[in-house]
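K.L.:
okay, predicted coordinates and the sequence, questions at the end:
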Amino acid sequence: MKQNLVAVIAVLCVIVLVIASFASIGRAKHAPKQPQEQTQTEQTSEQESESESLPESEAERETQPDSESEAQSGTTAETEPAEIGGMPFVAYTGEAHAGTGIAYRGKGEMAKYVIVIDAGHQTRAMGEKEPIGPGATETKAKVTGGTQGSFTRLAEHELNLRVALALRDLLVEQGYTVVMVRETGEVEISNAERAQMANAAGAHVNIRIHANGDNDASVKGAMAVCQTPENPYNASIYQTCRALSDAVLEAFCDSTGIEKRRVWETDTMTGTNWAEVPTTIIEMGFMTNEQDDRAMAAEDFASKAAKGLAQGIAAYLSQGGNETSTNEEQTDAPDVPAYTVDTELEASFGMSFTETYVTMQATGNVWVRTEPSSEKGMETAVDALKPGEHVVCVGLGEKWNRVLINGKVYYVSAAYLELVEE
């Protein structure tokens, strides 16, 4: 019996040990739970606190996709296009990008305006020929090498790019949507292709930045260039191009101090003829003139030029972008009888005009000028017409009329002319 008692006690001891062992395992499993949950809670609270303490823009970046275009615009790709005219938007860094067609998304109210900046020329010229306009049989070199400073040796393509990049920086800062034709000299893009890039972008302004040269080192000053009202490729946008040219030239000269010359109307520019959007060329000065050359090579010139060009663009856009300019060559003519067209003369000039005669109505001789301006006084006067003398008028204007004399086009003050029918 004693042995039975001992056996029972031994069994009970084993049972107690087993129960104690299971209890110990249970405590080991459950003991870490409370500290771990507490640590996770503390980490979550710390992260939330960090997020709340960040500026709003930084907090948004913690939760939004990282994209160059989104970072620049502050909007998502779902609500904003990723490109313009086939040119992807890139982030603005202030640095130059390789290639052509570099687009920067605008911001705010001014983002609706697309400005294309074409820094004229490039490091290497392209001598191959291209049509000077859509469907034209006449051709010109795709891109010439440009000129250079006679006194500073600065290459025109470098000067043009300096100003273009400074204008880019200013317009991006102001919120415009900006497309750069080039940001380096190492490109190959023709004048027609440059215009087509502006067309594809639907540019409100296409500004082509150039500098001038002349065999006469005394010739100086800035000028703008646009097509004539008779342009066979894009005469329909003449008025907007002329208004843009006037606004840009005026503001550029005010800002830089470069002497103002005129707006030259010509149909010989390939990059202008191919354009379907408001386009102007700004010829900033003559690199063959010492005063202009040194002024354009100065360290602060690019910023002054950019400021003036930006002001001119803003002035043009504030007019609605399509106002007829009130300049000396305005082509709105008074009501006159229909005149016959001299087709042979049209063909010889490669332009279209109505054969209208004007008769001098002054008591003395009237000077004929090479440009529609009296700012230089007699410097531009090349000949004189006598009272009662009449000539062919190839363009009517509010202040100046174009007249054809001995096969050349000149300008005569409209105040001294009377229309007659022959």
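P.N.:
Received it, and whenever you're ready, just let me know what you need.
K.L.:
what about the nearest residue in space to P131 that is not next to it in sequence, distance to I132?
P.N.:
Closest residue to P131 apart from its sequence neighbours, by Cβ to Cβ, 6 or more residues apart in numbering: T139 at 5.6 Å. Bear in mind the C-beta positions are built from the backbone N, C-alpha and C, glycine included. For T139, the distance to I132 (Cβ to Cβ, to the nearest Å) stands at 7 Å.
K.L.:
more neighbours: those two, which one.
P.N.:
Each of T139 and I132 has its neighbours counted (other Cβ atoms under 10 Å); I132 has more, 21 against 12.
K.L.:
isn't that one right up against E138?
P.N.:
Yes - counting by Cβ atoms under 8 Å, I132 touches E138, with 5.1 Å between them.
K.L.:
specify the beta-bridge partners of A155.
P.N.:
Beta-bridge pairing for A155 (DSSP bridges): Q148.
K.L.:
do you know the pLDDT at it?
P.N.:
The score at A155 is 96. That number is its pLDDT.
K.L.:
with the one 5 residues further on instead?
P.N.:
In the prediction, the pLDDT value recorded for N160 is 98.
K.L.:
so what's it up against?
P.N.:
Contacts for N160 were tallied using Cβ atoms under 8 Å, 6 or more residues apart in numbering; they are A119, G120, H121, G146, I209, H210, A211.
K.L.:
check the gap between the last one and S190 for me.
P.N.:
Applying Cβ to Cβ, one obtains 20 Å for the distance of A211 from S190.
K.L.:
compare those two and say which is more crowded by neighbours.
P.N.:
Legend: neighbour count by other Cβ under 10 Å for A211 and S190, higher for A211 (28 against 20).
K.L.:
looks to me like the more buried one is in a strand.
P.N.:
Yes - judged by DSSP: H, G, I helix; E, B strand; the rest coil, A211 forms part of a strand.
K.L.:
surely it touches E283?
P.N.:
Yes - between A211 and E283 a contact is recorded at 6.4 Å, counting by Cβ under 8 Å.
K.L.:
give the residue spans of the stretch 201-350 of the chain that score low on pLDDT.
P.N.:
By pLDDT under 70, the low-scoring segments of the stretch 201-350 of the chain are 321-350.
K.L.:
where along it do the helices fall?
P.N.:
For the stretch 201-350 of the chain, the helices defined by DSSP state H, counting those that start in this stretch occupy 238-256, 270-273, 290-297, 301-318, 343-349.
K.L.:
export those to JSON lines and tack on mean neighbour count and distance to E183?
P.N.:
JSON lines is the format used below for these (neighbours: other Cβ atoms under 10 Å; distance: least, Cβ to Cβ, whole Å):
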{"stretch": "helix 238-256", "mean neighbour count": "23", "distance to E183": "21"}
{"stretch": "helix 270-273", "mean neighbour count": "25", "distance to E183": "18"}
{"stretch": "helix 290-297", "mean neighbour count": "20", "distance to E183": "20"}
{"stretch": "helix 301-318", "mean neighbour count": "21", "distance to E183": "14"}
{"stretch": "helix 343-349", "mean neighbour count": "12", "distance to E183": "39"}
